[in-house]
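>>> dropping a prediction and its sequence here:
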Amino acid sequence: MNRPLLSALIIDDEPIARQRLRRLLAREPDFRLIGDFGSVNECEALDAGAVPDLLLLDVRMPERSGFDVLASFEARGVHPFVIFVTAYSEYAVDAFRVEAVDYLLKPFDDDRFAKAIARARALLDKERTAGAEDSKGRNPPDAEMPAGSKFRDRLLVNDGGRVLFVPARDIELVQAAGKHVKIFVNGHCYLARQALREVEARLDANHFVRVHRSTIINVEQIVELHRLFHGDCEIVLKRGTRVTLSRRFRSRILPFLVGPWPA
């Protein structure tokens, strides 16, 4: 059975960059290019009936930015997936906030592009499968999403000019650090300019819990819990990291315990 074609738009003010994106996209047989623009204004002249599944989108362009493109589509009720393609790493957090599929920093190689397209394809396939099930009456239109479905399975972090996508399941803990947060992953620490509450909102509450006003942990990382004074506890994680479970947040850990709270 043939896969349905997926439509894509390229929006980049650099002609050479657009040419390369066209060439790379042509290698993906299930994608068809429906537009190729050098500015936001050109893109807005696109026929209203042309609805892209995917945007390959630069960030900094003359007059208006790639985020203006997204706002324009949003105003039309169109919500394409987006892969940002840019030479600037400082917009990575903003891309994270609009739930970009990927963030390609120029220069990137062909394999990196293919991986980004594969991520987009997987999300589009998942969306179409869900839509098909709804149309057959398997899922009522007003049914609640499954637990955790609104959460991101990857977080985007900036690491010395590189933009990395970190699987959420690999995160050990997140700690507030002034206007930043420290995200600990497989023994590494990444610094992101985010509020702790913003990161918490993107993590699945079935796996992550706030244990202190400045700390979120992955419950899969817990190996020991020790009682301290005044109702506080000490949590030991798999790598030996010790964090405080504040009395104020103790109730949040209770759903993960089997049996009553230790006497």
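Yep, it's here.
>>> partner residues bridging residue 35?
Beta-bridge pairing of residue 35 under DSSP bridges involves residue 9.
>>> tell me the pLDDT of it.
The score at residue 35 is 87. That number is its pLDDT.
>>> what are the buried residues along the helix or strand bottoming out on mean pLDDT in the chain?
Within the chain, no helix or strand scores below strand 154-159, which has a mean of 74 by mean pLDDT, DSSP states H and E. Buried residues in strand 154-159, defined by neighbour count with 16 or more other Cβ atoms under 10 Å: 154, 155, 156, 157, 158. C-beta coordinates here come from the backbone N, C-alpha and C atoms, glycine included.
>>> go on, stretch 12-24?
Neighbour-count burial for stretch 12-24 [16+ other Cβ under 10 Å]: 12, 13, 17, 18, 20, 21, 24.
>>> in contact with the closest residue in space to the second one that isn't next to it in sequence, which residues?
Among residues not flanking residue 13 along the chain, residue 61 sits closest, at 4.3 Å (Cβ to Cβ, 6 or more residues apart in numbering). When contacts are counted by Cβ atoms under 8 Å, 6 or more residues apart in numbering, residue 61 is found next to 11, 12, 13, 38, 39, 40.
>>> next up, phi/psi of residue 61, please.
Dihedral pair for residue 61: phi -140, psi 160, per degrees, to the nearest 10.
>>> also the one 4 residues further on?
In terms of degrees, to the nearest 10, the main-chain angles of residue 65 are phi -100, psi 170.
>>> and for residue 104?
phi -90, psi 120.
>>> still on that earlier bit, then the least confident helix or strand of the chain to CSV, C-alphas only?
Provided in CSV are the C-alpha atoms of strand 154-159 (Å, rounded to 0.1, in the frame of the first residue of the first chain):
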residue,chain,number,x,y,z
ARG,A,154,12.6,15.3,24.0
LEU,A,155,13.9,18.6,25.4
LEU,A,156,16.1,21.0,23.4
VAL,A,157,19.3,22.2,25.1
ASN,A,158,22.0,24.5,23.9
ASP,A,159,25.5,23.1,24.6
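>>> number the chain from 40, please
I'll keep to 40 as the first residue from here, and by that count the last item is strand 193-198.
>>> in its sheet, what does it sit against?
According to DSSP bridges, strand 193-198 forms sheet pairs with strand 201-206 (antiparallel).
>>> restricted to helices, list the contacts of residue 100.
Taking DSSP state H, the ones among those that sit in helices are residue 79.
>>> report the two of the contacts of residue 100 separated the most.
51 and 79 (11.0 Å; Cβ to Cβ).
>>> pretty sure residue 60 contacts residue 96?
No: using Cβ atoms under 8 Å as the test, residue 60 is too far from residue 96 to be in contact (10.1 Å).
>>> what do these two both touch?
Common neighbours of residue 60 and residue 96, using Cβ under 8 Å, 6+ apart, are 51, 124.
>>> doesn't residue 68 lie inside a helix?
No: read with DSSP: H, G, I helix; E, B strand; the rest coil, residue 68 is coil and lies in no helix.
>>> residue 231 and residue 69: what is the separation?
Relative to residue 69, residue 231 is positioned 34 Å away (Cβ to Cβ, to the nearest Å).
>>> more neighbours: which of the two?
A side-by-side neighbour count of residue 231 and residue 69, using other Cβ atoms under 10 Å, places residue 231 first with 21 against 13.
>>> distance of that one from residue 47?
Distance check for residue 231 against residue 47: by Cβ to Cβ, it reads 29 Å.
>>> can you check residue 249 too?
According to Cβ to Cβ, residue 249 stands 39 Å off from residue 47.
>>> these two: who's more crowded?
Taking neighbours as other Cβ under 10 Å, residue 249 and residue 47 compare with residue 47 leading, 25 against 21.
>>> I figured that one hits residue 95, correct?
Yes: between residue 47 and residue 95 there is a contact under Cβ under 8 Å: 6.3 Å.
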